[in-house]
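J.: let's see this in three dimensions:
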Amino acid sequence: MLKRGKAHQYQINMSYNAIKKTFDQGDGRMIEIETGKLAKQADGSVVVKMGDTMLLATVVSSIGAKPGTDFLPLSVDYQEKYAATGRIPGGFLRREARLSDYEVLISRLVDRALRPMFPEDYHSDTQVMISLISADKDIMPDSLAGLAASAALAVSDIPFNGPISEVRVAKIDGQLVINPLRSDLERATLEFIVAGSANDIGMVEGECSEISEAEMVEAIEFAHNAIKIQVQAQKELAEMVGKTTKREYSHEESNPELRDKVFAATYDKVYAVAKSQLPKHERGNKFGEILMDFIASLGEGIDDVTGFLSKKYFHDVQYDAIRNLVLDEGMRLDGRDVRTVRPIWSEVGYLPAAHGSAVFTRGETQSLTSVTLGAKSDEQMIDGAFINGYNKFLLHYNFPGFSTGEVRPNRGAGRREIGHGNLAMRSLKKVLPEENPYTIRIVSDILESNGSSSMATVCAGTLALMDAGIKIKSPVSGIAMGLITNPENGKYAILSDILGDEDHLGDMDFKVTGTEKGIVACQMDLKINGLRWEVLTAALEQAKEARLHILNEMKKTISQPREDYKPHAPRIVTLRIDKEYIGAVIGPGGKIIQEMQRETGATISIEEKDNQGIVEIFADNKDAIDKAVGRIKAIAAKPEVGEIYEGKVKSIMPFGAFVEIMPGKDGLLHISEIDWKRYETMDGIFQVGDEVRVKLLDIDKQGKFKLSRKALLPRPPRPEEKKEETAG
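T.: As a prediction, this is how the structure comes out:
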């Protein structure tokens, strides 16, 4: 309200109903959740703060649902505001643009944690937005994004079976840590983002350094204990706000009589097709025929609702029939048992012009992968609000429509492609050599897909890297695991190398990659509550068996990196020079380095690191490399006393000549050091440009070079020596 002050001025008295919940995350560091102050017209909004890092999370959900919708139209967007880090965006527009790959990956992590927690029959358009509005350079905001999103839902009336939360767990110096400082992550041997509720784990994604299955389970359990603390804090916040009652909704029409009719008419037929071991498309066509026959049996003129519900209930039939086939008979859609991996074949060097290539096929999933080696100038520049710098290892994953026999426009990489590529990238970067001068780009084009194309990308990427001659530490393979459970009788089946249909109809999608020594990356999504730790442990052990089998199959094609790069692959030579010569190599305005690149055909980059100049010379032929190396060594080499040089006369003075013994390095050849005989004047001895062989006698305190030609000439006999010869 407005109040009139003593100075006859109006003052605004704003009353915020801000409610805060502050709690210890378990290690003495505090997290604060505040609601009621910002974005109050959203259905739910919170600000989560840890240190100077602040995230604003909002959620809005429509009251009704669009007709004919049988899924949750949920969108999750995580964006980092440049102002949060005191920066202005690059580019022409100078404003935040579309989400970066990093922001998309964080959005996916939150989406995957939230989506299973909504009621199955809730179909309203729902939007979750998370914004980094203030940043602490050492506190990673991505590990707080899931907490912020769930807290916004907790203080809203949107139906949600949460709360949930996400944390980062890392092993640093042998100790497990929750939400470690960014500066400590470089020493981590294990780094996972784990999401879950108070009772269950729902999502895991991350990378590690060849750890054991037991070590992975230990880390997930440790993370779950921290998640429980954050979930309890959200429950207490919701009680403080008073939003413990959720809105009523009715989004699904139902027809129990039609449902029973669909099951009675189609279940046995669907079960028989599921058991027939038909190929993917033939099986799909058979399922389609059963559905069409049933709809036709209903007669002409059925309304849209009946047609919609018939398809929905038929999907339920498929769900039950395929799951029961596995649980009751131990048989899968393609006839395999639960542990068998589909047939594998692979080939390397398939693309003759690429620097490395491989084809990897597992069942009906196929990846054609190429490796391209580039120079430092090919590095990817990362210009994010929180993370910026350069990246020299890129992996791009493409999933065209034809890979599944679909007509789909090519609109570039979507969120799924970015996420699958990131999982493969995490896996392969762990085995790259420590000393790698190249910028490496891997491209996986999925040509066929029926289950786990991301794991095919890992396998094909490993083969292509070895084909390119990159000295990886160990080959990596990957496997996608599934889980089917029956909560009524406790039966479950863990499936190795899942098909696409098993992915959609199963209760868990679990991908794990590793070497012979251990796990290097994983991605897990759970669709059920109540997964027991012993089931997760069993799934990991079965995954180990499968990925080692795949690794052995890969080794039949190529077992170790090639001794050398392909003949047409570019070469890189790295030189280390003294810091003081960096300017001389570059030259004024880049003149010298540009001239060397133009004349040799090599690409040259130079940077200061560890108080030295690191020069990388990149060329596609040895001659260009040798020429550039020679030029740089000539500039950056240090003259050494006692060495002999082929110099060039640069100028002539009355007392001697200045001779250039290296580019930019002149020394004085004094008149007394030209010859053993005495010269009174420099007239007629040298011309500017003459080549002269000299020896470096000394470098004085000022760094000046003292040269001698006389020291390289035979010393004439002394007068007394001549007399002795005559007398003899």
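
J.: ok, residue 81 touching residue 96?
T.: Yes: applying CB atoms under 8 Å, one finds residue 81 in contact with residue 96, separated by 6.6 Å. In short, each C-beta sits where N, CA and C put it, glycine included.

J.: overlap of the contact sets of those two?
T.: Common contacts of residue 81 and residue 96 (CB atoms under 8 Å, 6 or more residues apart in numbering): residue 385.

J.: just give me the residue right at the centre of the chain.
T.: residue 422 (4.2 Å; CA atoms, centre = their mean).

J.: SS state for the residue nearest to that one when sequence neighbours are not counted?
T.: The spatial neighbour of residue 422 that comes closest, neighbours along the chain excluded (CB to CB, 6 or more residues apart in numbering), is residue 105 at 5.6 Å. Look at residue 105: counting by DSSP: H, G, I helix; E, B strand; the rest coil, its state is helix.

J.: which residues touch the residue nearest to residue 375 when sequence neighbours are not counted?
T.: Distances taken as CB to CB, 6+ apart place residue 618 nearest to residue 375, at 3.6 Å, with adjacent residues excluded. Counting by CB under 8 Å, 6+ apart, residue 618 touches 374, 375, 376, 377, 570, 571, 572, 602, 603, 604, 605.

J.: and those residues, which two are the farthest apart?
T.: 377 and 571 (15.2 Å; CB to CB).

J.: neighbour count: those two, which is higher?
T.: Taking neighbours as other CB atoms under 10 Å, residue 377 and residue 571 compare with residue 571 leading, 18 against 11.

J.: what pLDDT is listed against the closest residue to that one other than its chain neighbours?
T.: The shortest distance from residue 571 to any non-neighbouring residue, by CB to CB, 6+ apart, is to residue 625 (5.6 Å). pLDDT for residue 625: 88.

J.: now residue 625: which helix or strand?
T.: helix 622-636 (DSSP states H and E).

J.: which elements pack onto that helix?
T.: strand 571-578, helix 582-586, helix 591-600, strand 612-619 (3 or more CB pairs under 8 Å, 6 or more residues apart in numbering; DSSP states H and E).

J.: ramachandran angles for residue 491?
T.: phi -70, psi 150 (degrees, to the nearest 10).

J.: for the chain, longest helix please?
T.: helix 213-241 (DSSP state H).

J.: what's the first helix or strand after that one?
T.: According to DSSP H and E, the helix or strand after helix 213-241 is helix 256-275.

J.: can you point out the buried residues in the helix or strand just after that next one?
T.: Using DSSP H and E, the next helix or strand after helix 256-275 towards the C-terminus is helix 280-297. Neighbour-count burial for helix 280-297, counted by 16 or more other CB atoms under 10 Å, picks out 280, 283, 286, 287, 290, 291, 294, 295.

J.: check stretch 573-591 too.
T.: Applying 16+ other CB under 10 Å to stretch 573-591 flags 573, 575, 577, 581, 582, 584, 585, 586 as buried.

J.: once you drop chain neighbours, what's closest to the fourth one?
T.: So that's residue 581. Per CB to CB, 6+ apart, closest to residue 581 is residue 636, 4.0 Å.

J.: likewise for the fifth one?
T.: Sequence neighbours aside, residue 613 is the residue nearest to residue 582 in space, at 4.3 Å (criterion: CB to CB, 6+ apart).

J.: that older thread, residues of the longest helix of the chain that come out buried?
T.: 213, 215-216, 218-220, 222-224, 226-231, 233-234, 237-238, 241.

J.: repeat that for stretch 690-706.
T.: Those would be 692, 694, 695, 696, 697, 705, 706, for stretch 690-706 by 16+ other CB under 10 Å.

J.: residues contacting the closest residue to residue 356 other than its chain neighbours?
T.: Once flanking residues are discounted, residue 356 sits nearest to residue 468: 2.5 Å by CB to CB, 6+ apart. The contact partners of residue 468, taken as CB under 8 Å, 6+ apart, are 355, 356, 371, 373, 561, 562, 565, 566, 569.
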